[in-house]
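Colleague: Give me the fold of what follows.
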Amino acid sequence: MLKLKSIIPVALLAVVISFGSCKKDEHNHGSDQENLTTLKLIFKNKASGVEQTFVYADKDGVGGNNPTQDPIILADGANYDLTLQVLDESGTTAKDITPEIITKGEEHQFFFTNSSIGTLVNVKYEDKDAKNNPIGVKNTLTSIRAGKGKFRVSLRHEPNKSAAGVKDGQIANAGGETDIEADFDISVL
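Modeller: Residues are numbered from 1 along each chain as shown. The predicted structure is shown next:
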């Protein structure tokens, strides 16, 4: 016959083990070793077909060396296809995370903000998730006047896409967590 005193420690151990076990963090896109280190902005001029790539990279992560980033230089009055690519370049082989962002589009959205938006350039989403909400991997960018400013690109994980303004690219009510964010200097000439 089991005594109550011997059951309590076993039950307590089971509770401790079940609460101590970690569930896999889905924020890391399915891999415990994956880091979002690099953001590439690929601009293709719709009239000339000329393609330019501007890169933000922080391969050793937060707290290490300063990230590197290219200044963006665009033509005034031009329309561009703007495609974003996110990579994990923390290891010896680069891993393209962009397909996972697209596949899990309902959990992700890129936002374009800062001093140049609405003044130097306008960005329009050209891709949608399964619920017809924007993702922001594919976009159209129009340069509307010459000048200099900042161009911030933010990838949010689990934003509230039904919040006011979020479908239009307003980050203020988006919530969620920032997966990667970069501030580029931008010049429209």
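Colleague: quick one, what contacts the most centrally placed residue in the chain?
Modeller: In the chain, the centroid-proximal residue (CA atoms, centre = their mean) is residue 155; its distance is 2.2 Å. By CB atoms under 8 Å, 6 or more residues apart in numbering, the contact list for residue 155 reads 36, 39, 86, 101, 108-111, 136, 178-181. (Glycine included, C-beta is placed from N, CA and C.)
Colleague: Which stretches in the protein count as helices?
Modeller: For the chain, helices defined by DSSP state H occupy the ranges 4-20, 98-103.
Colleague: What average pLDDT does the first one get?
Modeller: The average of the pLDDT scores along helix 4-20 is 44.
Colleague: Beta-bridge partners for residue 177, please?
Modeller: Bridge pairing for residue 177 (DSSP bridges) gives the partners residue 157.
Colleague: Residue 160 is in contact with that one, correct?
Modeller: No. Using CB atoms under 8 Å, residue 177 is not in contact with residue 160, being 11.9 Å away.
Colleague: what about the two, which has more around it?
Modeller: Neighbours were counted for residue 177 and for residue 160 using other CB atoms under 10 Å; residue 160 has more, 13 against 10.
Colleague: and that one, what is it in contact with?
Modeller: Applying CB under 8 Å, 6+ apart, the residues near residue 160 are 166, 173, 174, 175, 176.
Colleague: So which of these wins on neighbours?
Modeller: Going by other CB under 10 Å, residue 166 tops those with 22 neighbours.
Colleague: ranges for the strands of the chain?
Modeller: Taking DSSP state E to define them, one finds strands in the chain at 38-45, 51-57, 68-69, 72-74, 79-88, 95-96, 108-113, 121-125, 138-143, 147-157, 177-188.
Colleague: Show me which of those has the highest average neighbour count.
Modeller: Most buried of those, by mean neighbour count (mean count of other CB atoms under 10 Å): strand 108-113, with a mean of 24.
Colleague: Show me what that one packs onto, helices and strands only.
Modeller: Judged by 3 or more CB pairs under 8 Å, 6 or more residues apart in numbering; DSSP states H and E, strand 108-113 is in contact with strand 147-157.
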